[in-house]
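A.B. asks: Turn this into a structure:
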Amino acid sequence: MGEFITFLGNNLADFWTYTGFANATVGHAVMILVGLFFIYLAVAKEFEPMLLIPIGFGMLIGNIPFNMEAGLKVGIYEEGSVLNILYQGVTSGWYPPLIFLGIGAMTDFSSLISNPKLLLIGAAAQFGIFGAYMIALEMGFDPMQAGAIGIIGGADGPTAIFLSSKLAPNLMGAIAVSAYSYMALVPVIQPPIMRALTNKRERLIRMKPPRVVSHTEKVVFPIIGLLLTCFLVPSGLPLLGMLFFGNLLKESGVTRRLAETARGPLIDTITILLGLTVGASTQASEFLTVDSIKIFGLGALSFIIATTSGVLFVKIFNLFLKKDNKINPLIGNAGVSAVPDSARISQVVGLEYDPTNYLLMHAMGPNVAGVIGSAVAAGILLGFLM
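C.D. replies: Here you go, the predicted model:
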């Protein structure tokens, strides 16, 4: 009987070493709380639920403690584990282009085609990327790390993942979570900046209705867009190529099934895998570092710079435009590529001051230009830093 009790005690002691309770650290608890907070924001506040629920739940998965020496092959950083295999879509950079394929298949570039000067707003907002890049260099990050961090200012999660997988794989978890966090917080961050930088007269500017864009223009746009941007920045081909290909599937009118697949089941599947694995990559031992805190701070700063740059650019641009062609600076925030959330914020803030002034269609111009702009900026950084 005594031997049995000893045997049972030894086995229970061994079992205990495998449990999460025995291997838990304060870091695991912190990251689980962060994951729960992300889920709360998604469910209670409806902040980007399609992104924050997979990422938040992924944080819970990634921070279940286990004995690293047991060779269980369940962790995302253990080679051969299921999570590690799924995570290769992030580390190898093939999830983001597939996301861009879906984005292209669901994006209407009509606003931009009808008013090409709105492209300049999308370009101006990319200053947040290069501003954050310079600040990151001053804070001690090397050029490749700084480039990966700066792309957060484009408010484009897939682009941030794609670039960081190439330039700074060790910082990818923090960069990806930061980028998606600030995309979800667009309704919180942008409106105060927009109100602070504009006056009542500017907020009431009415823009001319966009002209009707022909089917031919819509078909030609992705072809011309691909040739112009990728001849200029060939390193942006994986993102820009898939973006314009998806848009051609949509606008051609003869590949409806392919377009519906790209903007429906395909992008939904990749979003689930991307969000879950990015969240799981925030394993406490890898994620809770001083650099991660710096990245979150720089991410917020780059987002603020991008929003400010877009609004101020419109104010300056208006000095050179005739009175009946002026642009409402409230659409300047939409130059970041958080589609369509930033454009909706332009609309919401505009309606606060004039309930009959609808800015959404105008704001979609710089918003989709921001998608192109962030991919071009990523290509520039990749070309110069690799």
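A.B. asks: mind listing the strands for the stretch 251-386 of the chain?
C.D. replies: For the stretch 251-386 of the chain, strands defined by DSSP state E, counting those that start in this stretch do not occur.
A.B. asks: can you pull out the helices in it?
C.D. replies: Here the stretch 251-386 of the chain has its helices, by DSSP state H, counting those that start in this stretch, at 256-261, 267-280, 284-287, 290-318, 341-353, 360-385.
A.B. asks: mean pLDDT lowest for which of those?
C.D. replies: Per-stretch mean pLDDT for these is lowest at helix 284-287 (a mean of 83).
A.B. asks: mind checking how far the most centrally placed residue in the chain is from Met172?
C.D. replies: Computing the C-alpha centroid of the chain and ranking residues by C-alpha atoms, centre = their mean puts Gly157 first, at 2.0 Å. According to C-beta to C-beta, to the nearest Å, Gly157 and Met172 sit 12 Å apart. Any C-beta I mention is one placed from the backbone N, CA and C, and that applies to glycine too.
A.B. asks: quick one: contacts of the one helix or strand Gly246 maps to?
C.D. replies: Under DSSP states H and E, the secondary-structure element containing Gly246 is helix 237-251. Identification of contacts with helix 237-251 by C-beta atoms under 8 Å, 6 or more residues apart in numbering yields 93, 96-98, 100-107, 109, 158-159, 162, 215, 218-219, 221-223, 225-226, 229-230, 233, 255, 258-259, 262-263, 371-372, 375-376, 378-379.
A.B. asks: residue contacts, the residue nearest to the centre of the chain?
C.D. replies: Taking C-beta under 8 Å, 6+ apart, we find Gly157 in contact with 51, 176, 179-180, 183.
A.B. asks: quick one: which of those is most hemmed in?
C.D. replies: When neighbours are taken as other C-beta atoms under 10 Å, the top entry among the contacts of Gly157 is Ala179 (30 neighbours).
A.B. asks: Would you agree that residue is in contact with Ala300?
C.D. replies: No. Ala179 is not in contact with Ala300 according to C-beta atoms under 8 Å; the separation is 11.2 Å.
A.B. asks: Quickly list what's touching both of these two.
C.D. replies: Listed contacts common to Ala179 and Ala300 are nil; contacts here mean C-beta under 8 Å, 6+ apart.
A.B. asks: where exactly do the helices run in the stretch 101-250 of the chain?
C.D. replies: For the stretch 101-250 of the chain, the helices defined by DSSP H, counting those that start in this stretch cover 110-114, 119-125, 127-138, 143-150, 157-167, 172-184, 186-197, 200-203, 215-232, 237-251.
A.B. asks: mind checking which of those is nearest Leu8?
C.D. replies: Using C-beta to C-beta as the measure, helix 172-184 is the one of the helices of the stretch 101-250 of the chain that comes nearest Leu8, at 41.0 Å.
A.B. asks: Give me the distance between Ala13 and Thr6.
C.D. replies: From Ala13 to Thr6 the distance is 10 Å (C-beta to C-beta).
A.B. asks: If you count neighbours, what's buried in stretch 188-207?
C.D. replies: 189-191, 193-194, 197-198, 202-203, 205, 207 (16 or more other C-beta atoms under 10 Å).
A.B. asks: which of those has the weakest pLDDT?
C.D. replies: Ile189 (90).
A.B. asks: how about the nearest residue to that one, chain neighbours excluded?
C.D. replies: Phe303 (6.0 Å; C-beta to C-beta, 6 or more residues apart in numbering).
A.B. asks: again with Ile193
C.D. replies: With C-beta to C-beta, 6+ apart, the residue lying closest to Ile193 is Thr307, at 4.9 Å.
A.B. asks: for His215, same thing?
C.D. replies: Going by C-beta to C-beta, 6+ apart, His215 has Gly253 as its nearest residue, at 7.0 Å.
A.B. asks: residues near that neighbour, how many?
C.D. replies: Neighbour tally, Gly253, other C-beta under 10 Å: 11.
A.B. asks: what's the distance between it and Gly104?
C.D. replies: 15 Å.
A.B. asks: same check, this time on Ala184
C.D. replies: Taken as C-beta to C-beta, the span from Ala184 to Gly104 is 22 Å.
A.B. asks: and what of Leu359?
C.D. replies: 24 Å.
A.B. asks: ok so, going back, Ala184 and Gly104: who's more crowded?
C.D. replies: Gly104 (29 against 25).
A.B. asks: if I pick the more buried one, what's in contact with it?
C.D. replies: Residues near Gly104 by C-beta under 8 Å, 6+ apart: 222, 242-250, 262.
A.B. asks: what's the neighbour count on the nearest residue to it once chain neighbours are set aside?
C.D. replies: With sequence-adjacent residues excluded and distances taken as C-beta to C-beta, 6+ apart, Gly104 is closest to Gly246, at 2.6 Å. For Gly246, the count of nearby residues is 28 (other C-beta under 10 Å).
A.B. asks: Then Thr261?
C.D. replies: 16.
A.B. asks: if I look at the residue lying closest to Pro169 once chain neighbours are set aside, how far off is Met183?
C.D. replies: Take Pro169 and drop its neighbours on the chain: the residue closest to it by C-beta to C-beta, 6+ apart is Thr91, 6.3 Å away. The gap separating Thr91 from Met183 is 21 Å, by C-beta to C-beta.
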